[in-house]
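Chemist: Have a look at this fold, sequence not included:
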């Protein structure tokens, strides 16, 4: 594998995949980044597919630190991991948000340190058209959300139902390791010895306020 954005290590029969960029479909940039001499840091389903194919039935560790990206690319990678015959473990090193959370839930086991974060929210899109077309787009978004909720529901703890998960998505919910464990079957790992800095990225609503508040509680 020669992709600069996807770091892969093979150690003692375990393949380690590091997902640190935006998750996008194959046709998203269509090579224009390279044409302008820019580094492509996106995560593509095809590279993950090829890696899993090379791994055979071997164990795979997926290290995630990503804000997410394209919903269908995330679902594709999630389903690839579900279909892998060897054991798969997701390690949320810093953040698994949006489509990155979808990928994490495709693994057999999810490990999240007490000071790492999981975020789930509603599906969003850019829309253009008349009133009838916009109503149809809403129906499509709701159908996609239903599928994403089903994915989360597979690892829900006893007592948590689909309606609760949909409500958590509607509220754009951020979880620490301990908070995630209240709703999902995840393993809380040891707290990492590092200090995060919440940047000015406004990709998600209230991201700086929420993260900085949680960081003050941890430090």
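Modeler: Here it is on my side, so go on. Keep in mind that what you see is a predicted model, and the values were worked out from it rather than measured.
Chemist: since we're on residue 107, how many residues are nearby?
Modeler: Residue 107 has 22 neighbours, counted by other Cβ atoms under 10 Å. C-beta here means a position set from N, CA and C on the backbone, and glycine is covered the same way.
Chemist: Can you tell me the element it falls in?
Modeler: Per DSSP states H and E: residue 107 is located in neither a helix nor a strand.
Chemist: Also the one 4 residues further on?
Modeler: Taking DSSP H and E as the criterion, residue 111 maps to strand 109-113.
Chemist: Report the next helix or strand after that strand in sequence order.
Modeler: Next along from strand 109-113, by DSSP H and E: strand 117-120.
Chemist: Check which helices and strands that following strand sits against.
Modeler: Helices and strands touching strand 117-120, by 3 or more Cβ pairs under 8 Å, 6 or more residues apart in numbering; DSSP states H and E, are strand 88-97, helix 99-104, helix 162-170, strand 173-175.
Chemist: Okay, now the sheet partners of the first one, with direction.
Modeler: Strand pairing for strand 88-97, determined by DSSP bridges: strand 59-66 (parallel), strand 109-113 (parallel), strand 117-120 (parallel).
Chemist: Could you single out the most deeply buried of the ones you listed?
Modeler: strand 117-120 (a mean of 24; mean count of other Cβ atoms under 10 Å).
Chemist: Let me see the mean pLDDT of that strand.
Modeler: What strand 117-120 shows for mean pLDDT is 97.
Chemist: now swap in stretch 70-79 and tell me
Modeler: pLDDT averaged over stretch 70-79 gives 96.
Chemist: starting at the chain centroid, how far to it?
Modeler: Chain-centre distance of stretch 70-79: 9 Å, with Cα atoms, centre = their mean, to the nearest Å.
Chemist: Give me the residues contacting it.
Modeler: Stretch 70-79 is contacted from outside by 23-25, 28, 43-45, 48, 68, 98-100, 102-103, 105-106, 123, 144, 147-148, 151, using Cβ atoms under 8 Å, 6 or more residues apart in numbering.
Chemist: follow-up on the earlier one: which one of the helices and strands packed on strand 117-120 lies nearest to residue 113?
Modeler: strand 88-97 (7.4 Å; Cβ to Cβ).
Chemist: And the contacts of that closest one?
Modeler: 59-68, 81, 103-113, 116-121, 189, 192, 196, 204.
Chemist: before we move on, the earlier item: distance to residue 128 for the strands paired with strand 88-97 - can I get that in CSV?
Modeler: CSV is the format used below for these (distance: least, Cβ to Cβ, whole Å):
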stretch, distance to residue 128
strand 59-66, 28
strand 109-113, 37
strand 117-120, 27
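Chemist: Give the bridge partners for residue 17, please.
Modeler: Residues in beta-bridge contact with residue 17 (DSSP bridges): residue 8, residue 62.
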